[in-house]
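**Q** 3D model of this:
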Amino acid sequence: MHEGKKAEAVVFLRAASLSPGSPQLNSYGPSLMLASELAKAGEYEAVAQYVQGIAEFWTPEDRRPVVYLLPFLKDSEPLATWLAKLRSHQAPNFGRNANIPP
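**A** Numbers count the residues shown, from 1 in each chain. You can find the predicted model right below:
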């Protein structure tokens, strides 16, 4: 994506959506850096497909600092929230996993 190869990045993300997971991925989740960049570039459908794929093995926790102070703000279904934003052609905030390189 940094080299301007958006089409190749989309192919890579779609392939990554087919991952069966692993003990590490199931616990900590995958990198969402590429998904975040592609969503900001308007590739909402490809990113939505990726989110649906990772939902097969991972359920993220809402770890925003505000949740510890105000637990009623916790998003109990972040994946559904991300998909709703993508379907509305908005780039979701993928949280800490958006800062982990692939």
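**Q** Ala91: what's it in contact with?
**A** The contact partners of Ala91, by Cβ atoms under 8 Å, 6 or more residues apart in numbering, come to Ser36, Ala39, Lys40, Lys85. For the C-beta atoms, the positions are set from N, CA and C on the backbone; glycine is no exception.
**Q** measure the residue nearest in space to the middle of the chain to Pro71 for me?
**A** For the chain, Leu32 is the residue whose C-alpha lies nearest the centre (Cα atoms, centre = their mean; 4.6 Å). Going from Leu32 to Pro71 by Cβ to Cβ, to the nearest Å gives 24 Å.
**Q** next one: Ala16
**A** Ala16 is 32 Å from Pro71, where distance means Cβ to Cβ.
**Q** Next: Ile100.
**A** For Ile100 relative to Pro71 (Cβ to Cβ), the value is 25 Å.
**Q** show me where the chain has strands.
**A** Counting by DSSP state E, the chain forms no strands at all.
**Q** Any regions of it where pLDDT drops low?
**A** Along the chain, segments meeting pLDDT under 70 span 1, 62-64, 66-68, 72-73.
**Q** can you rerun that using 80?
**A** Within the chain, the stretches with pLDDT under 80 are 1-2, 61-76, 102.
**Q** residue with max distance from the center of it?
**A** If you look at how far each residue of the chain sits from its centre, by Cα atoms, centre = their mean, the farthest one is Leu69, at 24.6 Å.
**Q** that older thread, which of the contacts of Ala91 count as buried?
**A** Neighbour-count burial (16 or more other Cβ atoms under 10 Å) applied to these gives Ser36, Ala39, Lys85.
**Q** still on that earlier bit, please produce a markdown table containing the contacts of Ala91, extended by distance to Lys6.
**A** Below are these laid out as a markdown table (distance: Cβ to Cβ, whole Å):
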| residue | distance to Lys6 |
| --- | --- |
| Ser36 | 14 |
| Ala39 | 12 |
| Lys40 | 11 |
| Lys85 | 20 |
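**Q** Return the residues in contact with the closest residue to Gly21 other than its chain neighbours.
**A** Spatial nearest neighbour of Gly21, excluding adjacent residues (Cβ to Cβ, 6 or more residues apart in numbering): Phe57 at 2.8 Å. Phe57 is in contact with Ser19, Pro20, Gly21, Leu25, Asn26, counting by Cβ under 8 Å, 6+ apart.
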